[in-house]
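Chemist: Just to be clear, the model below is a prediction. Sequence and coordinates:
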2 protein chains.
Amino acid sequence: MPLVSVVREDPELVATWRDVSQCHARVCSAMEKALQKEHSLGLSEFEVLEHLATTQAPDGARMQELADAVCLSQSALSRLIGRLETDGLVHRAMCVNDRRGIYAHLTDEGRARWEAARPTHRAVLAETMPPRPAAA
Amino acid sequence: MPLVSVVREDPELVATWRDVSQCHARVCSAMEKALQKEHSLGLSEFEVLEHLATTQAPDGARMQELADAVCLSQSALSRLIGRLETDGLVHRAMCVNDRRGIYAHLTDEGRARWEAARPTHRAVLAETMPPRPAAA
DNA sequence: GTACAATACATGCATGTGCAAGCAATGCAT
DNA sequence: ATGCATTGCTTGCACATGCATGTATTGTAC
C-alpha cells in the first residue's frame, strides 16, 4: 500500500474534493426528485435501466457488472434488481454456462420507461451541472 | 423554471457526470473505511468537525449552516450532532439572541479528534482523487 | 395584545445501503 | 472421484438518510 510518509497540506486538493462533493450532492438531489416525481424512478434504478439499454450484449448484463457500473454494493444491486423485476422493468435469467451467474435484461416496458425518463435525466443534468464541472 | 424545450443528446455532459459520480463513489468509499478504521469516525462526522474547527466564529456554527456545509438534510444533521455530542466531540448551546437557534461548537476532545484524523483524510484524498479530477 | 405565518430544530417513520454471513455452483488439487 | 477454496448472488441485520410532522420561538399584521 502506498503509505504516504508526509502529506503536505494541499488546499487545492481539498477544495477540488469539496467541489466534487457539492456538485454530486446537488445533481443527485435534483435528479432523485425529478425522476421520482415525473417517472417514479430512483436515480439508481434509472442508471441500471440505462446501462441495460445501452449495453451491446444481447443477453443483458451480469449482476456484478451492473454493480460496478452504478457504483453500488453487490447486495444493494441485488435488491435493486429485485425491485425492478417486481415492477416488471427487468427480468432475471440464469446463465447457461455458469449456473451461478445471473443475467438481467430489460423488458419492453423497462426500455420504454428508460426512454421516457431519459429527457428528464438529461435536462436535470443540463440545469444542475456547472459549466466547468467540479474541477479546476 | 428554465424549461428546456429541446434537450439535445449531450454525451459530453453525461460522460462528465459519470466521471463525477464515479470519483465521488471511489473517494467516499475509501474515506469512509479509512476514517472508520483508524479514527472511528464517519465521513460526515469528520466534515462537521472540520467545519467547526476551521470556522472563524468563536461560538461555533448554527445547525442549518452545518447542514449546508456538509450537504445533509436538517434532520440528518440534527442526529449527526446528537451522535457527536454523545461522543463528547461537540457541545450544543442555545443562542442567546434567538432562542430557537442552536450553536454547535467543538470540545477540546473534538478538536483533538479532528486534528488526529486530518492526515488520514488528506492521504486518502491524495490516493483516490484523480490528477485531472472528474471533469474534462 | 391576539392571531397567524415563518423560522429553527427535533422526532416518527419508511427506505436504501453496506457488511457479514449464507447458499449454490464452479475450479482445482490430489 | 473427493475435498476445499473461490466465485456469484441473496439475505439478516444495523444504520444513516430524507420526508413529513411536531414543538417552541420569533416576526408581523391588525
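Modeler: Now that the structure is in, tell me what you want to look at. Small disclaimer: the values here were computed from a predicted structure and weren't measured.
Chemist: Which residues of chain A lie near DNA strand C?
Modeler: In this structure, chain A approaches DNA strand C at residues A:42, A:44, A:71-76, A:79-80, A:83, A:98-100, judged by CB under 7 Å from any atom of the strand. All C-beta spots, glycine's among them, are computed from the backbone N, C-alpha and C.
Chemist: Could you identify the longest helix within chain A?
Modeler: The helix spanning the most residues in chain A, taking DSSP state H as the definition, is helix A:11-39.
Chemist: Would you mind pulling up the elements that that helix packs against?
Modeler: helix A:43-54, helix A:108-128, helix B:11-39, helix B:108-128 (3 or more CB pairs under 8 Å, 6 or more residues apart in numbering or on different chains; DSSP states H and E).
Chemist: State the phi and psi torsions of A:N97.
Modeler: According to degrees, to the nearest 10, the main-chain angles of A:N97 amount to phi -70, psi -50.
Chemist: and the residues of chain A next to DNA strand C, which are buried?
Modeler: For these, a burial check counting by 16 or more other CB atoms under 10 Å in any protein chain shown picks out A:G42, A:S44, A:C71, A:L72, A:L80.
Chemist: The last one: what's it in contact with?
Modeler: If you count contacts by CB atoms under 8 Å, 6 or more residues apart in numbering or on different chains, A:L80 has them with A:S44, A:E45, A:V48, A:L72.
Chemist: got those residues as TSV, with distance to chain B columns?
Modeler: Output for the contacts of A:L80, formatted as TSV (distance: CB to the nearest CB, whole Å):
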residue	distance to chain B
A:S44	11
A:E45	15
A:V48	13
A:L72	9
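Chemist: from the residues of chain A next to DNA strand C, which is closest to A:C23?
Modeler: For the residues of chain A next to DNA strand C, the residue nearest A:C23 by CB to CB is A:C71; the value is 15.4 Å.
Chemist: what's that closest one sitting at in phi/psi?
Modeler: Dihedral angles for A:C71 - degrees, to the nearest 10 - are phi 60, psi 50.
Chemist: what about the spatially closest residue to A:W114 that is not a sequence neighbour, neighbour count?
Modeler: Closest residue in space to A:W114, ignoring its immediate chain neighbours: A:L49 at 4.0 Å, by CB to CB, 6 or more residues apart in numbering or on different chains. By other CB atoms under 10 Å in any protein chain shown, 22 other residues sit near A:L49.
Chemist: which residues touch A:L49?
Modeler: Residues counted as contacts of A:L49 (CB under 8 Å, 6+ apart) are A:L41, A:L84, A:L89, A:V90, A:L106, A:G110, A:R111, A:R113, A:W114, A:A117.
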